[in-house]
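**Q** Give the three-dimensional model of this entry:
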Amino acid sequence: MNEWEWHLLEDKTPLDGVSVRGIELKKGDRVLLRPRAGGDIFDLALAGKTATIENIEQDYENTIHLAVVLDDDPGKDLGLLRQPGHRFFFVPEEVEPLSPKELAGRGEGSPA
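**A** Sure, this is the predicted structure:
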(Lines give C-alpha, C1' and ligand atoms only; values in the text may rest on other atoms or scores of the structure.)
Protein backbone atom coordinates (compact mmCIF):
# COMPACT_ATOMS: atom_id res chain seq x y z
CA MET A 1 0.00 0.00 0.00
CA ASN A 2 1.44 3.33 -0.98
CA GLU A 3 1.16 6.69 0.80
CA TRP A 4 -1.74 7.87 -1.39
CA GLU A 5 -3.76 4.76 -0.49
CA TRP A 6 -3.03 5.29 3.23
CA HIS A 7 -4.36 8.84 2.98
CA LEU A 8 -7.52 7.57 1.30
CA LEU A 9 -8.11 5.20 4.21
CA GLU A 10 -7.29 7.79 6.85
CA ASP A 11 -9.75 10.23 5.31
CA LYS A 12 -12.64 7.80 5.82
CA THR A 13 -14.77 8.50 8.85
CA PRO A 14 -15.69 5.37 10.82
CA LEU A 15 -19.39 4.61 10.53
CA ASP A 16 -21.68 4.73 13.55
CA GLY A 17 -23.83 1.87 12.33
CA VAL A 18 -24.86 -0.34 9.44
CA SER A 19 -28.12 -2.11 8.67
CA VAL A 20 -27.89 -5.89 8.44
CA ARG A 21 -31.05 -7.83 7.62
CA GLY A 22 -33.13 -4.87 8.72
CA ILE A 23 -31.37 -4.52 12.07
CA GLU A 24 -29.09 -1.57 12.83
CA LEU A 25 -25.73 -2.80 14.12
CA LYS A 26 -23.22 -0.61 15.96
CA LYS A 27 -20.00 -0.98 17.93
CA GLY A 28 -20.38 -3.39 20.84
CA ASP A 29 -23.20 -5.39 19.25
CA ARG A 30 -22.80 -9.14 19.10
CA VAL A 31 -23.06 -11.15 15.90
CA LEU A 32 -22.86 -14.71 14.65
CA LEU A 33 -20.19 -15.14 11.97
CA ARG A 34 -21.40 -16.66 8.68
CA PRO A 35 -18.48 -16.25 6.24
CA ARG A 36 -19.24 -16.62 2.54
CA ALA A 37 -18.68 -19.94 0.82
CA GLY A 38 -15.31 -20.36 -0.84
CA GLY A 39 -13.44 -18.22 1.66
CA ASP A 40 -10.09 -18.97 3.23
CA ILE A 41 -9.11 -21.20 6.16
CA PHE A 42 -9.95 -18.44 8.66
CA ASP A 43 -13.49 -18.29 7.28
CA LEU A 44 -13.86 -22.02 7.89
CA ALA A 45 -12.41 -21.79 11.40
CA LEU A 46 -14.51 -18.80 12.42
CA ALA A 47 -17.85 -19.90 10.95
CA GLY A 48 -20.53 -20.16 13.63
CA LYS A 49 -18.57 -18.28 16.30
CA THR A 50 -19.98 -15.29 18.13
CA ALA A 51 -18.13 -12.01 18.04
CA THR A 52 -18.42 -8.41 19.19
CA ILE A 53 -18.23 -5.55 16.71
CA GLU A 54 -15.12 -3.51 17.56
CA ASN A 55 -15.54 -0.97 14.73
CA ILE A 56 -17.37 -0.35 11.47
CA GLU A 57 -15.03 0.78 8.73
CA GLN A 58 -15.22 1.66 5.07
CA ASP A 59 -12.39 1.14 2.59
CA TYR A 60 -11.47 3.42 -0.32
CA GLU A 61 -13.80 1.42 -2.59
CA ASN A 62 -16.65 2.26 -0.15
CA THR A 63 -17.01 -1.36 0.95
CA ILE A 64 -18.17 -1.60 4.56
CA HIS A 65 -16.26 -3.94 6.87
CA LEU A 66 -17.15 -4.98 10.39
CA ALA A 67 -14.04 -5.34 12.54
CA VAL A 68 -14.90 -8.00 15.10
CA VAL A 69 -13.26 -9.61 18.11
CA LEU A 70 -14.15 -13.21 18.91
CA ASP A 71 -16.02 -13.62 22.16
CA ASP A 72 -14.09 -16.79 23.08
CA ASP A 73 -10.64 -15.50 22.08
CA PRO A 74 -8.32 -15.60 25.12
CA GLY A 75 -6.48 -12.68 23.47
CA LYS A 76 -9.66 -10.64 23.09
CA ASP A 77 -8.06 -7.71 24.90
CA LEU A 78 -5.41 -7.59 22.16
CA GLY A 79 -8.16 -7.44 19.53
CA LEU A 80 -9.74 -4.52 21.34
CA LEU A 81 -6.34 -2.82 21.15
CA ARG A 82 -6.46 -3.48 17.36
CA GLN A 83 -3.55 -5.88 17.39
CA PRO A 84 -3.11 -8.26 14.43
CA GLY A 85 -4.31 -11.81 14.80
CA HIS A 86 -7.14 -11.00 17.22
CA ARG A 87 -9.30 -8.74 15.07
CA PHE A 88 -11.11 -10.01 11.99
CA PHE A 89 -13.01 -8.30 9.19
CA PHE A 90 -16.30 -9.34 7.62
CA VAL A 91 -18.69 -7.62 5.24
CA PRO A 92 -22.20 -7.10 6.65
CA GLU A 93 -23.61 -9.98 4.60
CA GLU A 94 -21.32 -12.39 6.49
CA VAL A 95 -22.81 -11.79 9.94
CA GLU A 96 -26.14 -12.40 11.64
CA PRO A 97 -27.24 -9.97 14.34
CA LEU A 98 -27.80 -11.66 17.72
CA SER A 99 -30.64 -10.50 19.90
CA PRO A 100 -30.44 -10.61 23.71
CA LYS A 101 -32.94 -13.50 23.58
CA GLU A 102 -30.68 -15.48 21.22
CA LEU A 103 -27.67 -14.80 23.43
CA ALA A 104 -29.58 -16.01 26.49
CA GLY A 105 -30.50 -19.19 24.58
CA ARG A 106 -26.81 -19.79 23.94
CA GLY A 107 -26.10 -19.35 27.64
CA GLU A 108 -24.31 -16.10 26.98
CA GLY A 109 -24.88 -12.67 28.41
CA SER A 110 -23.12 -9.48 27.64
CA PRO A 111 -19.48 -9.76 26.53
CA ALA A 112 -16.82 -9.65 29.21
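**Q** Pass me the low-pLDDT residue ranges in this protein, would you?
**A** Within the chain, the stretches with pLDDT under 70 are 8-9, 103, 107-112.
**Q** Okay, helices next: where are they in it?
**A** Secondary structure of the chain by DSSP state H: the helices cover 3-10, 41-46, 76-80, 100-105.
**Q** So which other helices or strands are in contact with the longest one?
**A** Read it as helix 3-10. If you count contacts as 3 or more Cβ pairs under 8 Å, 6 or more residues apart in numbering; DSSP states H and E, helix 3-10 packs onto no helix or strand. (Each C-beta comes from the backbone N, C-alpha and C, glycine too.)
**Q** quick one on the thing from earlier: determine which stretch of the helices of the chain is the most buried.
**A** Mean neighbour count, computed with mean count of other Cβ atoms under 10 Å, is highest for helix 76-80 among the helices of the chain, reaching a mean of 16.
**Q** what does it contact?
**A** 54, 69-70, 73, 85-87, 112 (Cβ atoms under 8 Å, 6 or more residues apart in numbering).
**Q** Could you measure from the residue nearest to the spatial centre of the chain over to residue 11?
**A** Centrality entry for the chain: nearest residue to the mean C-alpha point is residue 68, 3.0 Å, by Cα atoms, centre = their mean. Taking Cβ to Cβ, to the nearest Å as the measure, residue 68 falls 23 Å from residue 11.
**Q** roughly how far is the longest strand belonging to the chain from the heart of the chain?
**A** Longest strand in the chain, counting residues (DSSP state E): strand 50-58. The chain centre lies 3 Å from the centre of strand 50-58; the measure is Cα atoms, centre = their mean, to the nearest Å.
**Q** and if you look at stretch 19-32?
**A** 9 Å.
**Q** list the buried ones in it?
**A** For stretch 19-32, the neighbour count (16 or more other Cβ atoms under 10 Å) marks 20, 25, 29-32 as buried.
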